[in-house]
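Trainee: what shape does this take:
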Amino acid sequence: MSKKGQAAARQEANFTCLPAKGGERVYGFIDQVAVQVCFGIAAWYFLAGAQTGLYLPATQAVPTIFLGNVLPLFLIAFAGIYSCRFGMDSMTASQCAFGSKGPAIIVVLFATQLIVSASMPMLLFGQLATKFSARIGLPDFLCNETLGIAIWSVIALATGIYIAYSGPSAMMWFSRISAVFMLAVIAELGYYLFSEYGFDYIYDAQPRGRIIIDGSEALTDRWNIASALETNFGLGFSWAFMFGVFTRLGKSEGKAYHGCMWGWGIVSVLAIVFGAYVALATGAYDPSDWIIEASEKNGIVGIAVMGLIFMAIANISSIAINTYPGAIAITSRWPKVKWAAAICLIGVPTVILLNPTIYYKISNIYAIVGLLTSVFAGIMVTETVFISNGRVSLREFYSRKKGFQFYKGFNPAGFISLVVGMITYLLILNPLTWKSATGLFPYTCAALPTFFVSAIVYFVFMKCWVLKKFPVTFLNNIKKEH
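Mentor: Numbers count the residues shown, from 1 in each chain. Take a look at the predicted model:
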């Protein structure tokens, strides 16, 4: 990394320690959409779509995808008000709900989500690269389903980490080029898919990976609808930690909000729908299987080449943009941590998840992500809308010694709500076994109730206890500020 790039990265980290000024908020609507599209369109979207297409027919899959992704975005947008309005990142904004020392724990949750999420784009590229290697006759070790996938996955991870390490300029240019290319290729692959199978065939196709409950068609339907919805809710809520990272640089609250809603929601969701259509047309969970099959069927190597390049850019850019905000969160919270060390703390642990079986567990992955993010979103939305009503003391956010002290620097209401929310999720659905201890799933999903339970518990504890016990450190400073 050049000294200039390293200085830019460090400056970016230090930049989060202060609210962004008007002139520093340079992201317009199109900029927000481009970044979100580049970040969002990757293995997460394709595999979530494919899983939905294996659970549900097209008439149910498409509305489930839009509901599962757009509704959470609408809800978590309220948690981004401080970031849009005052130019602060998500971790800094979380002090009002968790205390001045609380973000240290929230950063750990954030990093855990990033590490888990990064496993999907890494493994998707490894899967496709291995199959493509076999298609063009590369050495056997590069085509092996164990060693080959591991090699290619590590190459994708290392490349993404390096781009993140190179700083904001490299990220910006890589994102701009990637976003345009990815949308163009999705349009081309979508056209080819419908040309080959026809709209009526895909529309009428029955899902081929349904969860079957013997003796009960109604319960079978419930399990598949709830499972598909939970997968998409997990993906929709996954942006809760990220929202403030990007919206703080929006030129206005409106452009920041609509950029994220269109970028992560309506535009990028087309990639999820594409994955669902591929699954319905071919029965394949992995879109790379269809790309290779189409190449072999038509004798056109170019299809496989285009697919490989597309998946490489999509997933490597997502790894890079996934790693970058985590490293920023670490260095802004602990300024003495070197930039390279922060990048490694987020990127390298992903290797632990370098297991091909994880690749086929997208529902489990996003249940885990939904568990981590729905509780955070519920607490932050309640704090912003119902507790402080958007009236905050900026001095408290940027004073580590005097700001938001509550009990020794921690807000007990925030952490009690966090624990209660996580327990709620686990009682409804175990993300690892996909079983319900209470039997509530599949009659309800898990992430959405967890969001509201966390919100209600936080509201009650703040109103009935914390705001009465700690009025000097919280309410008085707001009165002075306003």
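Trainee: rest of the way, CA atoms for contacts and neighbours
Mentor: OK.
Trainee: contact partners for residue 404?
Mentor: By Cα atoms under 8 Å, 6 or more residues apart in numbering, the contact list for residue 404 reads 95, 96, 99, 100, 396, 397, 410, 411, 473, 474.
Trainee: make sure I have this right: the fifth one is in a helix.
Mentor: What that stands for is residue 396. Yes - secondary structure of residue 396 (DSSP: H, G, I helix; E, B strand; the rest coil): part of a helix.
Trainee: and the residue nearest the centre of the chain, how far from residue 365?
Mentor: For the chain, residue 238 is the residue whose C-alpha lies nearest the centre (Cα atoms, centre = their mean; 3.8 Å). Using Cα to Cα, to the nearest Å, residue 238 is found at 11 Å from residue 365.
Trainee: ditto for residue 215
Mentor: In terms of Cα to Cα, residue 215 sits 29 Å off from residue 365.
Trainee: show me which of these two is the more surrounded one.
Mentor: Set side by side, residue 215 and residue 365 show more neighbours around residue 365, with 25 against 8, by other Cα atoms under 10 Å.
Trainee: can you tell me the element the more buried one falls in?
Mentor: Here residue 365 sits within helix 362-382, counting by DSSP states H and E.
Trainee: which strands or helices does that helix pack on?
Mentor: helix 43-55, helix 58-76, helix 103-135, helix 217-237, helix 412-428, helix 447-461 (3 or more Cα pairs under 8 Å, 6 or more residues apart in numbering; DSSP states H and E).
Trainee: pull out the buried positions in the third one.
Mentor: Of the residues in helix 103-135, those buried by neighbour count under the rule 16 or more other Cα atoms under 10 Å are 103-104, 106-107, 109-133.
Trainee: ok, the fourth one next?
Mentor: Neighbour-count burial for helix 217-237 flags 219-237 (criterion: 16+ other Cα under 10 Å).
Trainee: show the average pLDDT along that helix.
Mentor: Per-residue pLDDT over helix 217-237 has a mean of 95.
Trainee: residues near residue 259, how many?
Mentor: Counted with other Cα under 10 Å, the neighbours of residue 259 add up to 26.
Trainee: now it: which helix or strand?
Mentor: Going by DSSP H and E, residue 259 is in helix 253-260.
Trainee: who's in contact with that helix?
Mentor: With Cα under 8 Å, 6+ apart as the criterion, helix 253-260 contacts 27-33, 36, 77, 81, 84-85, 243, 246-250.
Trainee: average model confidence for it?
Mentor: 78.
Trainee: repeat for stretch 451-460
Mentor: The model assigns stretch 451-460 a mean pLDDT of 97.
Trainee: going forward, the N-terminal residue is numbered 43.
Mentor: Okay, residue one is now 43; in that scheme the one you just asked about reads as stretch 493-502.
Trainee: name the helix or strand for the residue nearest to residue 202 when sequence neighbours are not counted, please.
Mentor: Nearest non-adjacent residue to residue 202, counting by Cα to Cα, 6 or more residues apart in numbering: residue 362, 4.2 Å away. Element membership of residue 362 [criterion: DSSP H and E] is helix 343-375.
Trainee: after that helix comes which helix or strand?
Mentor: Following helix 343-375 toward the C-terminus (DSSP H and E): helix 381-389.
Trainee: ok, now which ones touch residue 138?
Mentor: 425, 439, 446.
Trainee: ah, wrong one, I meant residue 239
Mentor: Residue 239 neighbours (Cα under 8 Å, 6+ apart): residue 323.
Trainee: that one and residue 245, how far apart?
Mentor: 10 Å.
Trainee: and residue 157, by the same measure?
Mentor: 36 Å.
Trainee: and residue 363, by the same measure?
Mentor: Distance from residue 363 to residue 245, by Cα to Cα: 34 Å.
Trainee: neighbour count for the two, which is higher?
Mentor: Ranked by neighbour count (other Cα under 10 Å), residue 363 and residue 245 place residue 363 first, with 26 against 14.
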